[in-house]
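1. Got a sequence here, can you model it:
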Amino acid sequence: MQARIFKLNLKPVSANPSRLNTMKKQLLLLSAALINSLTFSNAFAKSDAPDVLVSSNVAITSNYVDRGLSQSNDSPAIQGGFDVTGKGGGFFAGLWASSRGDKDALGNQMTTMETQVYAGVAFSQNNVKVDLGVQGTYFPHENDVDTAPEDTTESFLGLEYQIIRGEIWYDNEGTQVYKQLDINFEVIEHLGLSLSIGHTNYLDEEVEKESTLNKRLALAADFSGVVLSVSVSQHDDLEENLNEITLSRSF
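-> Coordinates of the predicted model:
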């Protein structure tokens, strides 16, 4: 349920026609989805539903990085979605989508879109914020040779106390468990620093490794509702760090 973002890639982006056409299609599809989300949000906000809050978000990033790995082949991505929550907590649900790189690190043709749908409940107990729910991640199977990632469903539990947050995600297929610990500081007003460490346990016997570790350091500044964040991520499977520059806005 992360809000993500557009990449100022240090590598030059190839301007071949097929890549440009792919990026144009991504822009059109996501733009249409975001417009529909915003329209839905405004309409819902004006309806007779005082106990429900609807919000939207949009972002561009230089590299879509999740759990320490690039999901966009080290290329820019555009992202957005909307959330429905109960006033004062109780429940939440939402949809989030991102463009992806059209090829993986080995040059294999991949899906160019990703959609996440999630829902759950949230409450506080003894000053500890708790949220738990289910998230499905879906990829369009759009190629003749289907190399799109497998659709996944995960159950998650999050615990937050002051500046510390912990999460655990369990793949409902029983293939892996992901755990993450975040520490979030407010350096000065409107400027925050986030430190994260994640650990993946592979439960599938066909996977040779037992676990991997990833780390992330991020700095975010809020400019009247527009958030600029810069981050660097490290993963056991990568020799080099991954850098991100992100612009995001919530409505």
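
2. okay, CA-based contacts and neighbour counts for the rest of this
-> Fine.

3. hey, what's the nearest residue to Lys129 once chain neighbours are set aside bridged with?
-> Computed as C-alpha to C-alpha, 6 or more residues apart in numbering, the closest residue to Lys129 that is not its neighbour in sequence is Glu160, at 5.0 Å. Going by DSSP bridges, Glu160 is paired in beta bridges with Lys129, Arg165.

4. Quick one: list the elements packing against whatever helix or strand Ser55 lives in.
-> Ser55 belongs to strand 52-61 when assigned by DSSP states H and E. Packing contacts for strand 52-61, counted by 3 or more C-alpha pairs under 8 Å, 6 or more residues apart in numbering; DSSP states H and E, involve helix 17-45, strand 77-86, strand 242-250.

5. Count residues in the vicinity of the residue nearest to Lys129, would you?
-> Residues near Glu160, counting by other C-alpha atoms under 10 Å, number 18.

6. Repeat that for the one 5 residues further on.
-> Neighbouring residues of Arg165 were enumerated by other C-alpha under 10 Å; the total is 18.

7. Verify the stated contact: it with Gly158.
-> Yes: using C-alpha atoms under 8 Å, Arg165 is in contact with Gly158, at 7.1 Å.

8. next one: phi and psi at Arg67?
-> phi 60, psi 40 (degrees, to the nearest 10).

9. got it, and Val207?
-> Dihedral angles for Val207 - degrees, to the nearest 10 - are phi -80, psi 120.

10. doesn't Phe139 make contact with Glu150?
-> Yes: applying C-alpha under 8 Å, one finds Glu150 in contact with Phe139, separated by 7.3 Å.

11. More neighbours: those two, which one.
-> Set Glu150 next to Phe139 and count neighbours by other C-alpha under 10 Å: Phe139 wins out with 17 against 11.

12. Quote the end-to-end distance of stretch 68-82.
-> The first residue of stretch 68-82 is 24 Å away from its last residue (C-alpha to C-alpha, to the nearest Å).

13. Quick check: bridge partners of the nearest residue to Thr246 once chain neighbours are set aside?
-> Leaving aside its chain neighbours, Thr246 sits nearest to Thr61 (4.4 Å; criterion: C-alpha to C-alpha, 6+ apart). Beta-bridge pairing of Thr61 under DSSP bridges involves Phe6, Thr246.

14. wait, doesn't Thr61 sit right on Leu247?
-> Yes: Thr61 is within contact range of Leu247, at 6.5 Å (criterion: C-alpha under 8 Å).

15. picking up where we left off before, so what pLDDT did the residue nearest to Thr246 get?
-> Thr61 carries a pLDDT value of 97.

16. Run a quick check on the residue nearest to Lys129 versus Leu181, I expect a contact.
-> No: counting by C-alpha under 8 Å, Glu160 stays clear of Leu181, with 9.8 Å between them.

17. quick one: contacts for the residue nearest to Lys129?
-> 128-130, 166 (C-alpha atoms under 8 Å, 6 or more residues apart in numbering).

18. Among those residues, which one lies nearest to Asn214?
-> Nearest to Asn214 among the contacts of Glu160, counting by C-alpha to C-alpha, is Gly166 at 14.6 Å.

19. is it true that the closest one touches Gln180?
-> Yes: under the criterion of C-alpha under 8 Å, Gly166 makes contact with Gln180 at 5.8 Å.
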